[in-house]
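Undergrad: mind folding the following:
(2 chains)
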Amino acid sequence: MNNSRIASIFSQIADLLEIQDENPFRIRSYRRAAQAIESCAEDLASWALHRGDQPLHLPGIGSGMSQKIREIATEGRCREHQDLLGRLPSGLLDFLRVPGLGPRKTGLIYRELGISTLAQLERAAREGKLQALPGMGAKSESKILRGIEDLKKVAGRVLWIEAEQEIQEIRTRMTACPEIQTLEVAGSFRRRRDTVGDIDILAIGSIAEPVMETFCSLPAVKEVLARGTTRSSIRLESGLQVDLRLVPPESFPAALQYFTGSQAHNVALRERAKRSGYKINEYGLFREPEDAPCPIAGEEDLYRICGMDWIPPELRENRGELEASAAGRLPKLVEWQDIRGDLHNHTRDSDGACTMEELALWADCRGYEYLAITDHSKSLTVAHGLDERRLLRQMEEIDRWNARADKPFRVRLLKGCEVDIKADGSLDLDPEVLSRLDLVIASVHSHMSMPRDEMTERIVRAMSYGCVHLLAHPTGRILLQREPFDLDMEKIFGAALRWGVALELNAFPARLDLDDIHCRMAKEKGVKVAINSDTHAAEHFHFLRYGVFQARRGWLEKGDVLNTQSLDELRATLRQGKRIPAGLA
DNA sequence: GCCGTTTTCGGCCCGACTGTTTTCAGTCG
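TA: Numbering: from 1, shown residues only, chains lettered A, B, ... in the order given. Model prediction:
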């Protein structure tokens, strides 16, 4: 039972209570709790099992919520949730995913028509039964029908990189509109979340009509969802929703802050502002009670007046950044320029598309000091993985390149390998051969649905081999496709610390594994993180940028990231980590 | 249900747009 699963139960309780028209503040408590649990760096299942009698110092989690977390962690369920599910069909939760359909109307439809599945809802809408209900008309009904259609097609969120592609197109066309002075993308995209649910665009413009007209008639528009003078919403052919807000110049800083979110961050910020006698909304900062506007030139002013330093968007998740900022203790986040080399790359020898020389030339273009060649090992036959003999030959080739005075590149090549962790936790290649490498990456590519204890034990065992330096894509997740392994991350971090193993933040846009929460956990435990592109083709090199975004979301600073080290420092770190414990060599 | 430089009781962020409404509720972000 990982934190996300526990959080989703709390969210469901909130949804179910809301459908029942319960006390809105009680509902908000559950939502806050879900958010706190989702963002929590501690594995709550472990807490419940081992230290459940100690209080959880999480904002919004009191004794009642703690009790429920314990219940869920130990029994896999909690009574409150079960009781609610006993009273209401779980299918009603799907209704909330239909745009335009919220908890009140869901409750109304259920009570009046006895409907509780999307299929029944669709039928009722087609038969015109919904518009008979109070507050619902023909328009609501057809909107619900369209919403159900979209739900069937649209998965919902998209990868950050996919949103970026849509945004480039939109930006080009919108900035061609002469009435627009400034255009900025806010929302989860600006916060660099790994996936994006919709795109929020903010513009300064003189006259609304032509701006909204340009926006609502973009070539990629499938449907205009709303059109006003300050806000319009469209759905693109791809299914992605895009919102545009038009604001006057003087409101831009406040609007940028407001629409960047996250919602939890904003709520907490506004509560703070209120305590200091201010009101914040998307139009600006106002001194209470007379509602006098305070001029602000940028987001910095907004935060400063509330007694804080400017908070980088990546941190705005209400995970302690407001407190850290107020105390002047925000981290100095790692930047792309801090990266000195890439430690995970594949050549044609396994499943890469480039030769070693081509990779090296690309690494030079990026100004890297070092580049590790880390092809797959033999059991990954689909990737034409290397056995000991081929690996030794590749090592000789790297030595020859590094020794050549007339080589066409400057970057230092490191001898490495991405060795498979077999089902029993042993390594796919002879540890003796591996120990001759500069860098050994271990990773799981098979038997991915093991039970939690078994998978944890397997990976811990692999890390305990003295020759392993780095655990690649530790949780195995593929965003929007494959769930992470069921792992006890506390134990993984413990083993990493004990055996001197760094954890990878794999920067492939669909992986971004470790995620932000786990990056922060690594930092707190003192485990180094390596941000790697996992390059299989030249165009993958720049993926490292997405890894840096994620690292920043995980509060990582330069010193927390292994490959910000110079070559000499890196070599020392890799050697230092490898004090092979007696009896295991 | 949580929480406390106003509080252990009484608060709990704020505004735009839509649709079905003659003044507002619901939804959304």
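Undergrad: could you pull up the contacting residues of A:T230?
TA: Each residue near A:T230 by C-beta atoms under 8 Å, 6 or more residues apart in numbering is listed here: A:A208, A:R245, A:L246, A:V247. Just so you know, the C-beta spots here come from the backbone N, C-alpha and C atoms, and that holds for glycine as well.
Undergrad: state the pLDDT value of it.
TA: A:T230 is assigned 89 on the pLDDT scale.
Undergrad: which residues touch the helix or strand harbouring A:I204?
TA: Using DSSP states H and E, A:I204 sits within strand A:198-205. The list of residues contacting strand A:198-205 from outside it, by C-beta under 8 Å, 6+ apart, reads A:163, A:166-167, A:170, A:174, A:177, A:179-187, A:189-190, A:211, A:240-249, A:252, A:255-256, A:259-260.
Undergrad: one more: stretch A:150-165?
TA: A:97-99, A:118, A:189, A:192-197, A:199, A:235, A:238-240, A:479-480, A:509-510, A:546, A:549.
Undergrad: what about A:E557, how many neighbours?
TA: A count of nearby residues for A:E557, using other C-beta atoms under 10 Å, gives 16.
Undergrad: and the residue nearest to it when sequence neighbours are not counted, its phi and psi?
TA: Excluding its sequence neighbours, the residue lying closest to A:E557 (C-beta to C-beta, 6 or more residues apart in numbering) is A:P331, at 5.0 Å. Main-chain torsions, A:P331, degrees, to the nearest 10: phi -70, psi 150.
Undergrad: picking that back up, tell me which of the contacts of stretch A:150-165 fall in helices.
TA: With DSSP state H as the criterion, helices contain A:L118, A:F189, A:Y546, A:F549 from among the contacts of stretch A:150-165.
Undergrad: what sits against the closest residue in space to the last one that isn't next to it in sequence?
TA: Sequence neighbours aside, A:R192 is the residue nearest to A:F549 in space, at 3.8 Å (criterion: C-beta to C-beta, 6+ apart). If a contact means C-beta under 8 Å, 6+ apart, then A:R192 has A:W160, A:P313, A:E314, A:F549, A:Q550, A:R552, A:R553 as its contacts.
Undergrad: what separation do you get for the fifth one and A:G320?
TA: In other words, A:Q550. 18 Å (C-beta to C-beta, to the nearest Å).
Undergrad: higher neighbour count, these two?
TA: A:Q550 (28 against 15).
Undergrad: helix or strand with the lowest mean pLDDT in chain A?
TA: helix A:138-153 (a mean of 82; mean pLDDT, DSSP states H and E).
Undergrad: what about the following helix or strand past that helix, distance to the chain center?
TA: Moving toward the C-terminus from helix A:138-153, the next helix or strand (DSSP H and E) is strand A:158-159. Strand A:158-159 sits 10 Å away from the centroid of its parent chain (C-alpha atoms, centre = their mean, to the nearest Å).
Undergrad: right, and the helix or strand after strand A:158-159?
TA: Strand A:158-159 is succeeded, C-terminally, by helix A:160-175 (DSSP H and E).
Undergrad: quick one: mean pLDDT for that following helix?
TA: 92.
Undergrad: quick check: angle from that helix to strand A:198-205?
TA: Here the directions of helix A:160-175 and strand A:198-205 differ by 20 degrees (axes from the mean of the first three to the mean of the last three C-alpha atoms, to 10 degrees).
Undergrad: pairing partners for the next helix or strand after helix A:160-175, with directions?
TA: Following helix A:160-175 in sequence order, the next helix or strand is strand A:180-185 (DSSP H and E). According to DSSP bridges, strand A:180-185 forms sheet pairs with strand A:198-205 (antiparallel).
Undergrad: right, is the partner strand up against DNA strand B?
TA: Yes. Strand A:198-205 lies within reach of DNA strand B by C-beta under 7 Å from any atom of the strand, at A:D198, A:D200.
Undergrad: centre of the chain to that strand, how far?
TA: 22 Å.
Undergrad: could you do stretch A:337-345 as well?
TA: In terms of C-alpha atoms, centre = their mean, the centre of stretch A:337-345 is found 21 Å from the chain centre.
Undergrad: for it, measure first residue to last.
TA: 19 Å (C-alpha to C-alpha, to the nearest Å).
Undergrad: can you list the residues that contact that stretch?
TA: By C-beta under 8 Å, 6+ apart, stretch A:337-345 touches A:352, A:359, A:363, A:366, A:368-374, A:411, A:414, A:416, A:418, A:439, A:441, A:470, A:472, A:504, A:506, A:530-535, A:541, A:544, A:548, A:558, A:561-567, A:570.
Undergrad: need the buried ones from these selected in ChimeraX.
TA: Buried members of the contacts of stretch A:337-345, defined by 16 or more other C-beta atoms under 10 Å, are picked up in ChimeraX with:
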select /A:352,359,363,366,368,369,370,371,372,373,374,411,414,416,418,439,441,470,472,504,506,530,531,532,533,534,535,541,544,548,558,561,562,563,564,565,570
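Undergrad: mark which of the contacts of stretch A:337-345 are part of helices, please.
TA: Using DSSP H, the contacts of stretch A:337-345 in helices are A:L359, A:A363, A:L544, A:V548, A:L567, A:L570.
Undergrad: ok now do the last one, which residues does it touch?
TA: This points to A:L570. A:R340, A:G341, A:Y370, A:L562, A:N563.
Undergrad: what do you get for the fifth one?
TA: Listed by C-beta under 8 Å, 6+ apart, the contact partners of A:L567 are A:R340, A:G341, A:E369, A:Y370, A:R412.
Undergrad: among those residues, which are in reach of DNA strand B?
TA: Answer for the contacts of A:L567 near DNA strand B: none qualify (C-beta under 7 Å from any atom of the strand).
Undergrad: what residues does the stretch 251-400 of chain A have near DNA strand B?
TA: A:259, A:261, A:263, A:266-267, A:270-271, A:274-275, A:279-283.
Undergrad: weed out the non-buried ones from these.
TA: When those are checked for burial by 16+ other C-beta under 10 Å, the buried set is A:F259, A:G261, A:N266, A:R270, A:K279, A:I280, A:E282.
Undergrad: which of those fall in helices?
TA: A:F259, A:N266, A:R270.
Undergrad: averaged pLDDT, stretch A:442-456. What do you get?
TA: Per-residue scores along stretch A:442-456 average to 92.
Undergrad: report the buried residues of that stretch.
TA: Buried-residue list, stretch A:442-456, by 16+ other C-beta under 10 Å: A:A442, A:S443, A:V444, A:H445, A:M450, A:M455, A:T456.
Undergrad: can you redo the contacts of A:L567 as JSON lines with pLDDT?
TA: Below are the contacts of A:L567 laid out as JSON lines (pLDDT from 0 to 100):
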{"residue": "A:R340", "pLDDT": "98"}
{"residue": "A:G341", "pLDDT": "97"}
{"residue": "A:E369", "pLDDT": "97"}
{"residue": "A:Y370", "pLDDT": "98"}
{"residue": "A:R412", "pLDDT": "97"}
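Undergrad: ok so A:A73 is a helix residue?
TA: Yes. Assessed by DSSP: H, G, I helix; E, B strand; the rest coil, A:A73 belongs to a helix.
Undergrad: who are the contact partners of it?
TA: A:M1, A:I6, A:L44, A:A45, A:W47, A:A48, A:L49, A:G52.
Undergrad: would a markdown table of those residues with secondary structure be doable?
TA: Formatted as a markdown table, these follow (three-state DSSP):
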| residue | secondary structure |
| --- | --- |
| A:M1 | coil |
| A:I6 | helix |
| A:L44 | helix |
| A:A45 | helix |
| A:W47 | helix |
| A:A48 | helix |
| A:L49 | helix |
| A:G52 | coil |
